[in-house]
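# dropping a prediction and its sequence here:
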Amino acid sequence: MGKRHHVVTTINGEATEFLCEPRQSLLEVLRDVLFFTGSKEGCNDGNCGACSVLVDGVLIDSCCMLGVEAEGSEIETIEGMANNGELHPLQQAFLEETGMQCGICTPGFLMSAKALLKQNPQPDEGEIRHWLAGNLCRCTGYDKIVRAVQKAASNMGGGA
Amino acid sequence: MHDFDYCAPVSLQEAIGLMATHKGSANLLAGGTDLLIFMRARRKRPELVIDAKLIPELSEVKIDESGLTIGASVSCRAIYENAEIADLYPALIDSTTLIGGIQVQGRASLGGNLCNAAPSADTIPTLIAHGAVANVVSDKGERHIPVEEFCIAPGKTVLEANEILVNIFLPRPAENSAACFLRFIPRNEMDIAVANVAAFVELDSAGENFISARIAIGSVAPTPLFVAEAGDTLSGKPIDEESIMAAACIARDAASPIDDMRGTAEHRTQLVEVLTGRTIRTAVSRARGEA
Amino acid sequence: MSTKEKKADDLRVVGTRPIRPDGADKVTGRARFGDDIHLSNMLHGKVLRSPHAHARIISIDTSKAEALPGVVAVVTGADFPVIEHEMVSQGEAGLADMRDIADNCMAQDKVLYDGHALAAVAAENPHVADEAVQLIEVEYELLTPLMDVRSSMAEDAPKVHEHSFPGFFIAPTEAHLPNASRVHMSSGDLEAGFAEADHIVEREFTSETYHQGYIESHITTVDWDSNGNLTVWTSTQGQFEIRDNLADVLAIPIGRIKVIPMEVGGAFGGKDRIYLDPVAALLSKKSARPVKMAMRRDEVIRATGPSPGTYIKAKMGIKADGTLVAADLHLAYEAGAYAGGPIFLGVVSSAARYNIPNFQINGFDVIVNKPKTRPYRAPGAPQGLFAMEQIVDELAACVNMDPVDFRIKNLTREGDILLPGFPLAPIDTDLTLNTLKSHPHYTAPLEGPNRGRGMSYAMWFNLGAISSARLAVNPDGTVHLSTASSDMSGTRMTLAMQAAEALGIEVSEISADVSDSQSIGFSMPTVGSRTTYSTGIVVMEAATEVLKQMSERAAMLWEVDVDQISVADGVFSNKSNAEQSISFKELGSKGRDTGGPITVHQTSSPESFIPGVTAHLVDVEVDPETGKVDILRYTAVQDVGKAVHPDYVEGQIQGAAVQGIGLALNEEYFYDKEGHLKNASLLDYRMPTSLDLPMIDAVIVESPNPAHPYGVRGCGEHSIIPPASAIANAIHDAVGIRPDSLPMAPHKICAAIKRKQAASD
């Protein structure tokens, strides 16, 4: 019953293997097995986006996926967003535009915004707000988060 | 969560065999956005979780002259990113872009939404309006079940314990026909429907009269409801407010909503009438090529 | 949006917008929040919670849980030391009944709300712990639950507590009814006042329980050493409060406990009280291993400290010229399962904004079978203002007066005596309202059916209270700042900025940390909008002392008397020799040779009850067929005295306004008749998403606070207060109904519109 599975994945570009019980979510695997604690638990039922990661390029809530389902997948987490210590334009924009206060939702928002800009490099305010509706923030009221995404889009060559 | 086993069959035959062996103590896993939550809440405690995403027949999307076949595991995102589906079945896009947020849509599946059989399911009214059919297999053979007959109570379907939903078939819409799905929620995203409605209309070539219509309502009864009478009443009628509101009133009267934390019965009743009118009007607009 | 240019004053650092030093760790996921700690040999704890709202515990059988492989320890209420009902000082927060606090952590005889903890398990992994909790068998005797204030105050209501101490949160209440205590304030002659009135409006309002909604739940990790010393790593606003409460509840000396604050993922007043901590400590003691406990989201909603539901009856009268002449308020606020909710603050915030010569407020702190209410950003104020600011709006309309002009006519101003009996401290209350009135939003055309505009005005008082700060001049001349103030909003930076300003150096020369309870002097929690103001003052006092000691070192170097040393903008000079001057950094790096590096520790208690005001304006569109209310445009003007970091101040205004919008439109606890909480998830506890809002135009105005060297007023809480009433007033402008119940959910709006149509048919 529930023997551990050996799972082989790629995480942030690096081949990674782990052992996990079937009942451990991908979020639990990332945080408690691999110690990638950047992805956060906010609700554990797909309603807050704090655990957002990309799996095979698709933005998902890692609490709603089992670790065993990750076999053969390419996973991107917040830990892989900066490039050799150089912050991603989104990370830089969040700092400059004060797109965070307590910071707990920030990794989820960054992953979500990264997925948005990959799909739509020039989103307008409505598109940004619609895409980010699956990420809850309780501190900022979203204003400065939206402005940070707009700034990053502009800096990444999407905007004017 | 309780302890359970997991496996990921790569063929439908293998899956059929597993379901036959573990009858009743296995659950199929597609997107997991319902199943995992239910398991954490102890509402489901399978001994075996069978991953349905590696089975080819459950992952396919096929469009041809007869219609659209969507595998049970196909995600909402895969559906709404398909330009051909968006063109022919805009109501399906209405539905799949409304479930949860972007993250949930990346995993949640049409098949899962149907098998979960929530009264508030956001894809089921659309499937009913389109006259969709659920294709089911087991070691005992196959069945083809109209979606309006699929759900029998909140969380309960006609599926036997050993059966697998393979795919859902939506007939190809005729010329001058289209559908629309609308849902009312208190926020702008992320909520379970307080009430939802789908309307499919077929117009004459002049776009002035209804030839036929199918209307389905959700969140206002133990299951999503096909209100045949509401659609039938439009047949042959001119497209005007009088006929639309007549259909809306019939739909409203078919609802038997309850008071709960998501809404009051009175409000839901009103919403059915309002949303039925609005979905018909948008479906008409789409059928005319205006929207 | 406020100007990005610095105002023309002589401040160098304060008022600029440097990037916060802890920001990089937060955008890379490196910052360590409560759950981001893994100790070797650590166990995971889970709690068994009551499924009943009110019941006596007959028996608890933990044997099956203990037998489950992987379970190492189990505790129940019987493992807790017996504590008397002892009122323990919480400083400016008043008194707290320690037995109530202990009982809330784990029930002894009765469970008092759905979610009340009564047993816990520590196991090798959280899933085993979870499964074990399910195996604990409890026999209950069900009792009648009281689920709203009016039922609880009824004459025939059963008494919930045998011992019922009146609450004391900020100020005392007196026992009044079996389940309620009362605070009463009055002035003038109410009957005569209403007799003078030309227009009177009397209305009743209700509101539901709502929650702070922080995205990070409650998490604590504990470990004992071999001497019986306890270390606690936790997500908290107040490490000293956690420490002291733990000492009382576990009956051990305070000196044995060290509380290390992790980064906090939101708190808003809900994280300065123990919940899991003593439970984890006892599990850890029993198992002789570290224990981590984390609440799931449903536990946070069910079993922490929400904001009270209320029943309010309000009657206000004006003369024909719009002068407020009388007001009679009855405020009944849920205390939750134990006494001591924020009724006093609800009363004060309702009383302070306008001059009303004949005024009576009766405030009731009412026991109900719900979790004990705790502070949530301007506790008690949004509910009271929902009532009062709508009545004010209605009265202004009676005399055809512009709503802002009406407020200006009746404003309390500096020196006016407020109902609680003290004068309003210096503040220019007209400034905020005049700024709103001259904002383009005020006169922008609003066209289209079912659209309306409304405003609201609020006053709040920030705390001062005790803080400690340490400034250490490092051997390389840079500076390290330590305080106890947990940083959820950028206060590490705003405190460092004040230090930099006071020392005359660049803020980049200062590193800042949030220290544990043994490494810094006593401090009140990060609450009450106090940190930038109060801890800031203490930081600057420390800076003054640093400069004094540095001057002595310069005097030593130059062999002159210390009164020959002058310092300005980070440069020390010899008054008697113009050639001799030295920078702070260079002097600091000579520290080792002049008597050792300089460290200054300062503790003091700046004054409290500093006023701040805010006025909001909102445009809404109502869909009369569905009852949906959409926010089209939002402007929030707030007087912050002096914005140390304008971006952070804007963030506070916007964040608070959005929380206010959430409680206005959709947030509520939904209980069934038996007292079960039905919506303990973020699916059905509906907080605003980015798609529910427009940009929030945060306008900073500054009328300096003389109690702070740079004029700073606390700013964190105020903007949560106006949204509910501003939106209600806008809804009235749009569709002619006055909402009398929070939240203003679609079904209520729909029903009210129908009633209005029926009445006019």
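Looks like it came in fine.
# tell me the contacts of the residue nearest the centre of chain B?
Taking Cα atoms, centre = their mean, the centroid of chain B lies closest to B:I124, which sits 2.0 Å from it. The contact partners of B:I124, taken as Cβ atoms under 8 Å, 6 or more residues apart in numbering or on different chains, are B:N113, B:L114, B:A117, B:V147, B:F150, B:C151, B:A216, B:G218, B:P224. Every C-beta, even on glycine, is put in place using the N, C-alpha and C of the backbone.
# of these, just say which sits nearest to chain A.
Comparing the contacts of B:I124 against chain A with Cβ to the nearest Cβ places B:N113 closest, at 13.6 Å.
# could you find the closest non-adjacent residue to that closest one?
B:T123 (4.5 Å; Cβ to Cβ, 6 or more residues apart in numbering or on different chains).
# which residues are in contact with that neighbour?
B:L92, B:S95, B:T96, B:I99, B:L110, B:N113, B:L114.
# just to revisit the earlier point, state the pLDDT value of the residue nearest to the centre of chain B.
B:I124 is assigned 98 on the pLDDT scale.
# ditto for C:Q638
According to the prediction, C:Q638 has pLDDT 98.
# verify the stated contact: it with C:E717.
No: assessed by Cβ atoms under 8 Å, C:Q638 is found out of contact with C:E717, at 10.3 Å.
# JSON lines for the contacts of B:I124, including pLDDT, neighbour count and secondary structure?
Putting the contacts of B:I124 into JSON lines (pLDDT from 0 to 100; neighbours: other Cβ atoms under 10 Å in any protein chain shown; DSSP: H, G, I helix; E, B strand; the rest coil) gives the following:
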{"residue": "B:N113", "pLDDT": "98", "neighbour count": "25", "secondary structure": "helix"}
{"residue": "B:L114", "pLDDT": "98", "neighbour count": "24", "secondary structure": "helix"}
{"residue": "B:A117", "pLDDT": "98", "neighbour count": "21", "secondary structure": "coil"}
{"residue": "B:V147", "pLDDT": "98", "neighbour count": "25", "secondary structure": "helix"}
{"residue": "B:F150", "pLDDT": "98", "neighbour count": "24", "secondary structure": "coil"}
{"residue": "B:C151", "pLDDT": "98", "neighbour count": "26", "secondary structure": "strand"}
{"residue": "B:A216", "pLDDT": "98", "neighbour count": "30", "secondary structure": "strand"}
{"residue": "B:G218", "pLDDT": "98", "neighbour count": "29", "secondary structure": "strand"}
{"residue": "B:P224", "pLDDT": "98", "neighbour count": "30", "secondary structure": "coil"}
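# interface residues of chain A facing chain B?
A:1-3, A:5, A:21-23, A:25, A:44-47, A:49, A:52, A:55, A:58-61, A:63-66, A:68-69, A:71, A:112, A:115, A:130-131, A:133-135 (Cβ under 8 Å from any Cβ of the partner chain).
# now the helices for the chain?
Unless you meant another one, I'm taking chain A. For chain A, the helices defined by DSSP state H cover A:26-28, A:89-96, A:106-119, A:125-131, A:143-155.
# that's the wrong chain, I meant chain B
B:12-21, B:35-40, B:56-59, B:76-80, B:83-88, B:90-96, B:102-105, B:110-116, B:124-129, B:228-232, B:241-254, B:265-287.
# the fourth one vs chain A: in contact?
It stands for helix B:76-80. Yes: under the criterion of Cβ under 8 Å from any Cβ, chain A is reached by helix B:76-80 at B:R77.
# how about the third one?
No: residues of helix B:56-59 are not located near chain A by Cβ under 8 Å from any Cβ, the shortest gap being 13.3 Å.
# pull the contacting residues for the closest residue to chain B within chain A.
Of all residues in chain A, the one sitting closest to chain B is A:G134 (2.2 Å; Cβ to the nearest Cβ). Applying Cβ under 8 Å, 6+ apart to A:G134 gives the contacts A:G49, A:S52, A:D61, A:S112, B:G100, B:G101, B:I102, B:Q103, B:V104, B:E189, B:M190, C:T689.
# can you map out the strands along the stretch 601-750 of chain C?
Counting by DSSP state E, counting those that start in this stretch, the segments of the stretch 601-750 of chain C that form strands are C:610-623, C:628-639, C:696-701, C:741-742.
# of all those, which one is nearest B:A199?
Nearest of the strands of the stretch 601-750 of chain C to B:A199, taken as Cβ to Cβ: strand C:610-623 at 19.1 Å.
# can you list the strands that that closest one pairs with?
Using DSSP bridges, strand C:610-623 pairs in its sheet with strand C:451-462 (antiparallel), strand C:628-639 (antiparallel).
# right, and the helix or strand after the helix or strand hosting C:V300?
Using DSSP states H and E, C:V300 maps to helix C:297-303. Counting by DSSP H and E, the next helix or strand C-terminal to helix C:297-303 is strand C:310-318.
# right, and chain C sits closest to which residue of the stretch 1-150 of chain B?
B:M1 (5.6 Å).
# about what we covered before: out of the strands paired with strand C:610-623, which one sits most buried?
Across the strands paired with strand C:610-623, the average number of neighbours (mean count of other Cβ atoms under 10 Å in any protein chain shown) peaks for strand C:451-462, which reaches a mean of 26.
# quick one: low-confidence ranges for the stretch 51-200 of chain B?
By pLDDT under 70, the stretch 51-200 of chain B has no low-scoring segment.
# if I pick the residue of it found nearest chain C, what's in contact with it?
At 4.3 Å from chain C, B:N188 is the closest residue in the stretch 51-200 of chain B, using Cβ to the nearest Cβ. Contacts for B:N188 (Cβ under 8 Å, 6+ apart) come out as A:A133, C:T689, C:L691, C:D692.
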